[in-house]
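Enquirer: One predicted model, sequence on top.
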Amino acid sequence: MKDVLIIIPTYNEVENIVRIIESIFSLHKDINILVVDDNSPDGTSIKVKEVISKFGSNLNLISRDSKLGLGTAYISGFKWAIKKKFNFVFSMDADFSHNPSDIKKLYLSCVDKKNDISIGSRYIQGINVVNWPLERIILSYLASWYVRILTCMNIKDPTSGFVCYSVKSLKSLSLDTISSNGYAFQIEMKFKLFLKKFTIEEIPIIFTDREFGKSKLDGSIIGEAFFGVILMKFKSVFTK
């Protein structure tokens, strides 16, 4: 999997970041990881720097000057991946909600089945979420339903943050025009690639809530996602 880059955006993930890096490399020794850290006050980037020598050029770090957000972190990572000529790029959380053992399933969906995008889906086979409170499950499930209705995408988990993209699909986008910066970013990416008719497959995963650290979800992120979907759909009508 030398042609794969895993992008992990971080903000205050000091308790998780080394554990997730070591877990990924223990399963996929020749894979590549890029951590994009938003100047975490807890010293997340310092922990990454401490283990870079252990993994050499397979582990890289972008340290940004301030908290600039999830979307811009991924855009920075995508541009870095394109420049370095990787073939496949993953978006993935640092908190073990996405199991490193599932990376290969998503990768093979793109390599063996020739899909352009594969999504680690919590909802393609029922509801596969562990340790979330009921209200969080309901909110997430209803959000997925809401996005499907408005966008007409046949994707059961459009808010999933565990995704394998072909670099070909990323190159087709004007990355600087991606306007969402919270969790709505995940929706916008899928919608724009859906409109370009790239092949998308959902792969069932089990999503496990974080054990360490704090969730970044808040009211502003939910609001951006809710109204952002309406705006995306509206713009798409006039840009065909």
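Expert: Ah, there it is.
Enquirer: Give me the phi and psi angles of N115.
Expert: phi -80, psi 150 (degrees, to the nearest 10).
Enquirer: for N128, that is, sorry about that
Expert: Torsion angles, degrees, to the nearest 10, at N128: phi -110, psi 70.
Enquirer: quick one: contacts for the spatially most central residue of the chain?
Expert: Geometric centre of the chain, nearest residue: S91, 3.0 Å, by Cα atoms, centre = their mean. Residues near S91 by Cβ atoms under 8 Å, 6 or more residues apart in numbering: 7, 74, 161-163, 165, 186. (Each C-beta comes from the backbone N, C-alpha and C, glycine too.)
Enquirer: For it, give the beta-bridge partners.
Expert: Counting by DSSP bridges, S91 is bridged to I7, V163.
Enquirer: How is V35 classified with respect to secondary structure?
Expert: strand (DSSP: H, G, I helix; E, B strand; the rest coil).
Enquirer: That one touches R64, doesn't it?
Expert: No - judged on Cβ atoms under 8 Å, V35 makes no contact with R64 at a distance of 10.9 Å.
Enquirer: So the two - more neighbours on which side?
Expert: V35 (27 against 18; other Cβ atoms under 10 Å).
Enquirer: Okay, the more buried one and I127: tell me how far apart.
Expert: V35 sits 30 Å away from I127, going by Cβ to Cβ, to the nearest Å.
Enquirer: ditto for L142
Expert: 12 Å.
Enquirer: which residues of the protein score low on pLDDT?
Expert: 215-226, 228-230, 234, 237-240 (pLDDT under 70).
Enquirer: now the strands: where do they sit in it?
Expert: 4-10, 32-37, 59-63, 88-91, 117-121, 129-130, 163-166, 200-204, 207-208 (DSSP state E).
Enquirer: Right, I'll leave it there.
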